[in-house]
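J.: coords below, sequence missing:
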């Protein structure tokens, strides 16, 4: 599950056009935690997941792979020059 989560998490962040630092400020989730999740080293608890989803305006079901309905604005194409890696 972690790999699917990581891929979707990256898509959601990349498509938000927000930096991890800005998402951290808006969500209250530590920047280090977001970076670990972004790089596939962390699987967030329910409270953290809820804060991330609320900030990014995405469904936890989609992020966890429980729903195939993609949130509006999520692009399957990879963007070049990602500022969050």
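T.: Done, it's in. As the structure is a prediction and not an experimental result, all values here were calculated from the model.

J.: What is the burial count for residue 59?
T.: Neighbour count of residue 59, defined by other Cβ atoms under 10 Å: 15. For every residue, glycine as well, the C-beta is placed using N, CA and C.

J.: ditto for residue 23
T.: Neighbour count of residue 23, defined by other Cβ under 10 Å: 21.

J.: Show me which helix runs longest in the chain.
T.: Counting by DSSP state H, the longest helix found in the chain is helix 2-16.

J.: tell me the average confidence for that one?
T.: Helix 2-16 shows a mean pLDDT of 86.

J.: what's the distance between that helix and the middle of its chain?
T.: How far helix 2-16 lies from its chain's middle: 5 Å, per Cα atoms, centre = their mean, to the nearest Å.

J.: State the mean pLDDT of the helix or strand following it.
T.: Downstream of helix 2-16, the next assigned helix or strand under DSSP states H and E is helix 20-27. Averaged across helix 20-27, the pLDDT comes to 97.

J.: Could you tell me the angle between helix 20-27 and helix 2-16?
T.: Inter-element angle recorded for helix 20-27 and helix 2-16: 90 degrees (by axes from the mean of the first three to the mean of the last three Cα atoms, to 10 degrees).

J.: Tell me which other helices or strands the helix or strand that helix 20-27 is followed by touches.
T.: Using DSSP H and E, the helix or strand that directly follows helix 20-27 along the chain is helix 31-38. Secondary-structure packing of helix 31-38 (3 or more Cβ pairs under 8 Å, 6 or more residues apart in numbering; DSSP states H and E): helix 2-16, helix 20-27, helix 46-56.
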